[in-house]
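Participant: sequence unknown, structure follows:
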């Protein structure tokens, strides 16, 4: 095949893959069109905002840092969204008679087609307009925009090619499921950074960091526009050269990864049959020895294994653990939080008790076969709750302690722990009942769908109805806390710790007892509900 004709072929291939994918369902077309509209609208607003920065004393710092953040997003995008572009997997081309050099050029050209490259182009153009002054600045800005776009795309491709074995494995699917966590944490970090900038006196706080970042590709290309506009032509040439060298280095790394992928066998399954299995078996055996005997220990072991190995369950737990820590700590660090925000961690972790049977999917029939009485159902639910407590109890105590330490309010720690334990017990109780009354299926073939079609209402009722009910069940402990504060009984506040813990145990036990007969009676309905995905 003529290497000169590869680029048009690959561009046509990418457009065909996109077109055929959109033909699969109207929902997918609607989602794609909505994402395009939102991305273009955001890109247009961003372009207008960057142009409005023209002439601002700190415009260079803003656009340089923005370009660096964009490049970071391109670097991590293939790790969390490997299925977003079918052409990211070059192993599909391994049987074709293609050499690495023309293949890299063709894939690079195809990579410039899409929403992401268009968004990046808008940002780069807006950044160049904000900084370009004079003829030299305008000329350099043309090269800077091209280099910025090419470096970002090549960076994503090089990362994808270097990690394609990971991305096509179970661990890669785990990363895709955890993408929502990255977005949530990123939003919190941006919010925290924005407040810090405001406290530090505005955009001038960005100048020291931008002074370093402007020498890192591809931000150095945008920095070259500012240098050329100020007459520092040597500095501008050096910054452009850094981005050009980075581009060639990325292309070389990408080509090397392609050569390795297409000339070596996939040995990713070899290690799974040897030492890691033995280590996992040894660790599992030691864990099993710490658990109770009988059905309780077996169910706890199975539930903990779900947390460690099932992608959807792992994603839910990691998200709950991260957000449960970030919200109280970030608010405490900003000086606007309260030690009571630590109860948010107990709430996030307690949600994991909801829809317990949904994580079993159609395999719930094996669990159903072992439940022949209310006692069996009670033991099953109790063991699942105990498995959850193995993680949630120490983590809740940790978050409460860290929040109190940041705020310097150690006196409030006992009452916050008591409230958290009471809330956790209430959520275990309502979660057990919701699992029996409102089970729903969790699709396993999609990284981003957590509810099967037609069961969204069940999920809303289960989670939000249960959360409201849990808050109501905690009312006695909340009222006691308010009364002790209102009566100035500061010396008695420590009693909230044992009272809250005892109340949490009591209400959790009562919830499981109530849910047990409902579970035993509704086994066929539960199996039908959780098997739809």
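Facilitator: That came through, no problem. This structure is a prediction, so every number in the text was calculated from the model and none was measured.
Participant: Low-confidence regions, this structure specifically.
Facilitator: 1-4, 21, 24-28, 31, 79-95, 164-205, 264-288, 444-454, 456-458, 533 (pLDDT under 70).
Participant: How is it divided into domains?
Facilitator: Per the record, the chain has its domains at 7-264, 284-530, by automatic domain parsing.
Participant: Could you export those domains as a markdown table, including mean neighbour count?
Facilitator: (Glycine included, C-beta is placed from N, CA and C.) Listed next are the domains of the chain as a markdown table, based on neighbours: other Cβ atoms under 10 Å:
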| stretch | mean neighbour count |
| --- | --- |
| domain 7-264 | 18 |
| domain 284-530 | 19 |
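Participant: Next, the contact list for residue 128, please.
Facilitator: Residues counted as contacts of residue 128 (Cβ atoms under 8 Å, 6 or more residues apart in numbering) are 141, 142, 144, 145, 222, 225.
Participant: and of those residues, the nearest to residue 374?
Facilitator: Proximity to residue 374 was ranked across those by Cβ to Cβ; first place goes to residue 222, at 67.5 Å.
Participant: Which element, helix or strand, includes that closest one?
Facilitator: Using DSSP states H and E, residue 222 falls within helix 219-229.
Participant: Check which element follows that helix along the chain.
Facilitator: Where DSSP H and E defines the elements, the next helix or strand beyond helix 219-229 is helix 233-263.
Participant: Determine the set of other helices and strands touching that next one.
Facilitator: helix 100-111, helix 134-162, helix 219-229 (3 or more Cβ pairs under 8 Å, 6 or more residues apart in numbering; DSSP states H and E).
Participant: for the contacts of residue 128, which one is nearest residue 426?
Facilitator: Distance ranking of the contacts of residue 128 against residue 426, using Cβ to Cβ, places residue 222 first at 52.7 Å.
Participant: how about the closest one, what does it touch?
Facilitator: Counted by Cβ under 8 Å, 6+ apart, residue 222 has contacts 63, 64, 67, 124, 127, 128, 131, 144, 148, 214.
Participant: Just name the closest of these to residue 396, please.
Facilitator: Using Cβ to Cβ, the contacts of residue 222 come closest to residue 396 at residue 67, 40.8 Å.
Participant: which residues sit in contact with the closest residue in space to that closest one that isn't next to it in sequence?
Facilitator: Leaving aside its sequence neighbours, residue 67 sits nearest to residue 219 (Cβ to Cβ, 6 or more residues apart in numbering; 4.4 Å). Residues counted as contacts of residue 219 (Cβ under 8 Å, 6+ apart) are 64, 65, 67, 68, 71, 213.
Participant: Out of these, which sit inside helices?
Facilitator: Among these, the members found in helices (DSSP state H) are 64, 65, 67, 68, 71, 213.
Participant: can I get those in CSV with distance to residue 436?
Facilitator: Formatted as CSV, the ones in helices among the contacts of residue 219 follow (distance: Cβ to Cβ, whole Å):
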residue, distance to residue 436
64, 56
65, 51
67, 53
68, 51
71, 49
213, 54
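Participant: Show me which of these is closest to residue 335.
Facilitator: Distances from residue 335 to the ones in helices among the contacts of residue 219, taken by Cβ to Cβ, are shortest for residue 65, at 24.4 Å.
Participant: Touching, the closest one and residue 208? I think so.
Facilitator: No - using Cβ atoms under 8 Å, residue 65 is not in contact with residue 208; the gap is 11.1 Å.
Participant: Of all the helices and strands packed on helix 233-263, which one is nearest residue 119?
Facilitator: Per Cβ to Cβ, nearest to residue 119 of these: helix 134-162, 10.1 Å.
Participant: what's the angle from the closest one to helix 219-229?
Facilitator: In terms of direction (axes from the mean of the first three to the mean of the last three Cα atoms, to 10 degrees), helix 134-162 departs from helix 219-229 by 170 degrees.
Participant: what is the orientation angle of helix 134-162 with helix 233-263?
Facilitator: Computed by the same axes, to 10 degrees, the angle between helix 134-162 and helix 233-263 is 20 degrees.
Participant: List the contacts of the closest residue to residue 337 other than its chain neighbours.
Facilitator: Leaving aside its sequence neighbours, residue 337 sits nearest to residue 331 (Cβ to Cβ, 6+ apart; 2.9 Å). Residue 331 makes contact with 337, 338, 341 under the criterion Cβ under 8 Å, 6+ apart.
Participant: how near is residue 331 to residue 518?
Facilitator: Applying Cβ to Cβ, to the nearest Å, the value for residue 331 to residue 518 is 38 Å.
Participant: And residue 133, by the same measure?
Facilitator: Applying Cβ to Cβ to residue 133 and residue 518 gives a distance of 72 Å.
Participant: Going by contacts, tell me the helices and strands next to the helix or strand where residue 378 lies.
Facilitator: Element membership for residue 378, per DSSP H and E: helix 374-407. Judged by 3+ Cβ pairs under 8 Å, 6+ apart, helix 374-407 is in contact with helix 294-309, helix 311-333, helix 343-350, helix 413-437, helix 496-521.
Participant: which strands and helices sit next to the fourth one?
Facilitator: Meaning helix 413-437. helix 343-350, helix 374-407, helix 466-473, helix 475-486, helix 496-521.
Participant: if we compare these, which one ends up closest to residue 311?
Facilitator: It's helix 374-407; of the helices and strands packed on helix 413-437, that one is closest to residue 311 (Cβ to Cβ) at 17.5 Å.
Participant: between the closest one and helix 413-437, how many degrees?
Facilitator: Using the same axes, to 10 degrees: helix 374-407 against helix 413-437 is 150 degrees.
Participant: how distant is helix 374-407 from the center of its chain?
Facilitator: Offset of helix 374-407 from its chain centre (Cα atoms, centre = their mean, to the nearest Å): 23 Å.
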